[in-house]
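Peer 1: Below are the sequence and a predicted model; questions follow.
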Amino acid sequence: MSEKSPSSLVRMLMVLDFFTEAKPIWSVEDIARKLEVSIPTCYRYMKMLVESGWLTHQSESCYTFGPRILVMDYYVRQSDPVLCASAPLMQELVAKTGFECVLSAFYGDQVLDSHHEKSNGKTFLSYGRGMPRPLFQGGAPKVILAHLPTRKLRKIYDGHAEELKKSGMPEDWNGFRAYYQGIKKQGFYYSAGELESHLGALSVPIEKQGQPGVWGAMSLVAELSRFEVVDFLKMKEMLEGATRSISYNLV
């Protein structure tokens, strides 16, 4: 039995996934080719997406993201319960430590940063809100993946073989699973120069109360030289205290 083709609505919404940092502008011809639809059909999709504000004209037949994206991002910032519960505590951590604080979460099969509280220092994070993080590098992705149910972790393992191979992580399933079980048991992860050679990140999970999984992860980020002269255990206790408070507020 053949698989059903996507509906017109699904095809139209698929267009939004085509736009990336590497390719922020798409022509009608390229979209039609990728969707495997006719040019007239593609123009109808584009017309609806432009009228609803999701896309805007870059030129006569080329498109990029529209103003509706900005509006929705504003609504998310105002209504995301994890972000609303986390932001005040992140500000406190920054004030007490002088480090930067980053909130990250798992969406589909991507780890994204959803909020960043900056310090007065010069940390220069290259990752920002909404930018997908490498799945197998850095503190936040590792503590988040460590708390995934085994079935979801296996799906990540099976679906990202090339990225896994480049990461230096264990490539066999048993070794891969054991690696994350170790992080979960430890309760935190310290990333030393994994994403950016001059930066360290101490990350802990924001656990869900009374159910498996996590809401996300919170990280304190600073230059490696600063981590070398601070009370690491004290920093970890402060971070864990903040994430416990967030977890309780989200019950």
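Peer 2: Great, that's in hand. Numbers count the residues shown, from 1 in each chain.
Peer 1: use CA for all of it now, contacts and neighbours both
Peer 2: OK.
Peer 1: mind listing the helices for this protein?
Peer 2: Taking DSSP state H to define them, one finds helices in the chain at 8-14, 28-35, 39-51, 67-79, 81-97, 139-146, 150-159, 161-167, 173-186, 224-227, 232-249.
Peer 1: gap between the residue nearest the centre of the chain and residue 102?
Peer 2: With distances taken as CA atoms, centre = their mean, the chain has residue 112 as the residue nearest its mean C-alpha position (1.0 Å). When CA to CA, to the nearest Å is applied, the distance between residue 112 and residue 102 equals 10 Å.
Peer 1: Can you give me the domain assignment for this structure?
Peer 2: Recorded structural domains for the chain (assignment: automatic domain parsing) are 8-70, 80-249.
Peer 1: Packed most tightly, which of those would that be?
Peer 2: Comparing the domains of the chain by mean neighbour count (mean count of other CA atoms under 10 Å), domain 80-249 ranks first with a mean of 18.
Peer 1: picking that back up, could I get the domains of the chain in JSON lines, plus columns for mean pLDDT?
Peer 2: Converted to JSON lines, those look like this (pLDDT from 0 to 100):
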{"stretch": "domain 8-70", "mean pLDDT": "91"}
{"stretch": "domain 80-249", "mean pLDDT": "90"}
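Peer 1: Residue 66 touches residue 55, doesn't it?
Peer 2: Yes - in this structure, residue 66 is within contact of residue 55 by CA atoms under 8 Å, at 4.0 Å.
Peer 1: The helices of the chain: which one's closest to residue 209?
Peer 2: In terms of CA to CA, the element of the helices of the chain nearest to residue 209 is helix 232-249, at 6.4 Å.
Peer 1: Restrict that closest one to CA atoms and write it as CSV.
Peer 2: C-alpha atoms of helix 232-249 as CSV (Å, rounded to 0.1, in the frame of the first residue of the first chain):
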residue,chain,number,x,y,z
PHE,A,232,32.9,25.1,41.2
LEU,A,233,30.7,23.2,43.8
LYS,A,234,29.2,26.5,45.0
MET,A,235,28.3,27.5,41.5
LYS,A,236,26.7,24.1,40.9
GLU,A,237,24.7,24.4,44.1
MET,A,238,23.4,27.9,43.1
LEU,A,239,22.4,26.6,39.7
GLU,A,240,20.7,23.5,41.1
GLY,A,241,18.8,25.7,43.6
ALA,A,242,17.5,27.9,40.8
THR,A,243,16.4,24.9,38.6
ARG,A,244,14.7,23.3,41.6
SER,A,245,12.7,26.5,42.2
ILE,A,246,11.7,26.6,38.5
SER,A,247,10.6,22.9,38.6
TYR,A,248,8.4,23.6,41.6
ASN,A,249,6.8,26.6,40.0
